[in-house]
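Q: below are the sequence and a predicted model for it; my questions follow.
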Amino acid sequence: MLSIVHVSKLEKTFHVRRYHQGRWASLQNLVTRRSRLIRAVDGIDFTIEAGELVGYLGPNGAGKSTTIKMLTGLLVPSSGRLIVNGFVPWKDRRHYVARIGAVFGQRTTLWWDLPVIESFELHRHLYQIPTGRFKRNLAEFNDLLELAPFLDVPVRSLSLGQRMRADICAALLHDPELLFFDEPTIGLDVVAKERIRNFIRHINEERETTVLLTTHDIADVQRLCRRVMIIDRGKLIFDGELARLLERFGGHHRLIVDFAESYAEVAVIGAELLSYSDQRAIYRFDRRKITAPALIQAVSERYAIRDLSIEEPDIETTIRTIYEKRLL
Ligand SMILES: Nc1ncnc2c1ncn2[C@@H]1O[C@H](COP(=O)(O)OP(=O)(O)OP(=O)(O)O)[C@@H](O)[C@H]1O
Ligand SMILES: [Mg+2]
């Protein structure tokens, strides 16, 4: 398969002026003029195949937006190699942007004072989108994103959810082969988030558009991404299937048992008893050490069971643990 994104040994460092405090501050500044180096992206490698939908995760300040800015040609890398769709993004930005779309949840790419539809018209002009295709795309996106009620409203007057839908539409009107989303659901209500997720999924599945998506919303990841990459302090610490991430770091499953009778104690070997009251016991177990059927058998051999269920380790806890403990 042909990779659409090639990233190798990519680095971005920022020089930040160091400010001194205290009595000698001004003197020290005069003498040393120190600056601090921030390695926002610290030598990362990955490839993305055409048609993939990849989640790019990591705690605040990890380097996600910096990566996306390099991928979209907004920032020039400090070193490393970056080829997207056959382009070096920052070198040939004018031709490159005609083939990609980018949505930054934190800021709009639309014209603030213009009605939404006029911003779209400007995009049509800028990207030289044929009229027929423009109209077809607008009609399709209008159906999916319900833009009609605010097409005549200036961008500055839109609600956040409306603005995001307008931005997403604008990013897609020219049929880009690749889409970069930097927190497309930030600040949106649950219904608006779901609508945007469905839209992203639709574009990826129906149009086979390649998508790279950053988000802090675990539901976005769960609903959309088979593959995730995790960046932490500028380094890529995981790249693989979401299922594998859970397997490796998901920790424990839970077995919840409702007993048919009251027992004085309900301990079983192979699982840790988390709680026991009102004939209900909750056990925690590690599936790599004991399988669910083996555990259920062990419990049912000793006790009369009325009902039981198994809970998977949840992805939110898993990712939180990785961020907190820096497991990888
Ligand atoms: N223009 C800049 N000048 C100096 N430092 C910067 C600049 N842009 C980013 N940084 C620093 O680079 C690091 C990575 O920032 P980045 O915005 O890529 O993080 P992020 O993963 O997108 O975080 P978040 O989840 O908060 O959006 C941070 O320490 C940030 O302060
Ligand atoms: Mg960011």
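A: Done, it's in. Ligands and ions are numbered 1, 2, ... in the order given.
Q: surely residue 306 forms part of a helix?
A: No: under DSSP: H, G, I helix; E, B strand; the rest coil, residue 306 falls outside any helix and is assigned strand.
Q: thought it was touching residue 256?
A: No: if you go by CB atoms under 8 Å, residue 306 and residue 256 don't touch, sitting 11.5 Å apart. Every C-beta, even on glycine, is put in place using the N, C-alpha and C of the backbone.
Q: neighbour count for the two, which is higher?
A: Each of residue 306 and residue 256 has its neighbours counted (other CB atoms under 10 Å); residue 256 has more, 15 against 12.
Q: hang on, the more buried one in a strand?
A: Yes: counting by three-state DSSP, residue 256 is found in a strand.
Q: what about residue 239, neighbour count?
A: 18.
Q: now it. Nearest residue, chain neighbours left out?
A: Nearest in space to residue 239, with sequence neighbours left out and distances taken as CB to CB, 6 or more residues apart in numbering, is residue 229 at 4.6 Å.
Q: try residue 69
A: Counting by CB to CB, 6+ apart, the residue nearest residue 69 is residue 75, at 4.1 Å.
Q: tell me the contacts of that neighbour?
A: Each residue near residue 75 by CB atoms under 8 Å, 6 or more residues apart in numbering is listed here: 12, 66, 69, 90.
Q: separation between it and residue 98?
A: Remark: distance between residue 75 and residue 98 (CB to CB, to the nearest Å) = 19 Å.
Q: got a list of what the residue of the stretch 51-200 of the chain found nearest ligand 2 touches?
A: The stretch 51-200 of the chain approaches ligand 2 most closely through residue 65 (3.1 Å), counting by CB to the ion. Residues in contact with residue 65 (CB under 8 Å, 6+ apart) are 104, 182, 214.
Q: top of those by neighbour count?
A: Neighbour counts for the contacts of residue 65 peak at residue 214, which has 25 neighbours (criterion: other CB under 10 Å).
Q: tell me the pLDDT of it.
A: pLDDT recorded at residue 214 is 96.
Q: again, but for the one 3 residues further on
A: Model confidence at residue 217, expressed as pLDDT, equals 90.
Q: Three-state assignment for the residue nearest to it when sequence neighbours are not counted, please.
A: Ranked by CB to CB, 6+ apart and with sequence neighbours excluded, the top spatial neighbour of residue 217 is residue 185, at 5.3 Å. Assigned with three-state DSSP, residue 185 falls in the coil class.
Q: show me the beta-bridge partners of residue 256.
A: residue 282, residue 309 (DSSP bridges).
Q: in contact with residue 252, which residues?
A: Shown in contact with residue 252 (CB under 8 Å, 6+ apart): 284, 285, 286, 313.
Q: which of the residues you listed sits closest to residue 201?
A: residue 313 (24.2 Å; CB to CB).
Q: and the gap between that closest one and ligand 2?
A: For residue 313, the distance to ligand 2 equals 27 Å [CB to the ion, to the nearest Å].
Q: just to check, that residue is in contact with residue 246?
A: Yes: with contact defined as CB under 8 Å, residue 313 counts as touching residue 246 (6.1 Å).
Q: which one's more surrounded, the two?
A: Set residue 313 next to residue 246 and count neighbours by other CB under 10 Å: residue 313 wins out with 19 against 16.
Q: tell me how far the one residue in the stretch 201-328 of the chain that gets nearest to ligand 2 lies from ligand 1.
A: The stretch 201-328 of the chain approaches ligand 2 most closely through residue 214 (6.4 Å), counting by CB to the ion. Counting by CB to the nearest ligand atom, to the nearest Å, the separation of residue 214 from ligand 1 is 7 Å.
Q: torsion angles phi and psi at residue 298?
A: Main-chain dihedrals, residue 298, degrees, to the nearest 10: phi -60, psi -40.
Q: my read: it touches residue 269, true?
A: Yes: between residue 298 and residue 269 there is a contact under CB under 8 Å: 6.7 Å.
Q: the more surrounded of those two?
A: Per other CB under 10 Å, whichever of residue 298 and residue 269 has more neighbours is residue 298, with 15 against 7.
Q: residues in contact with that one?
A: Taking CB under 8 Å, 6+ apart as the test, what residue 298 contacts is 268, 269, 270.
Q: give me the pLDDT for it.
A: Per-residue pLDDT puts residue 298 at 94.
Q: hang on, the earlier thing: give me the beta-bridge partners of the residue of the stretch 201-328 of the chain closest to ligand 2?
A: residue 56, residue 182.
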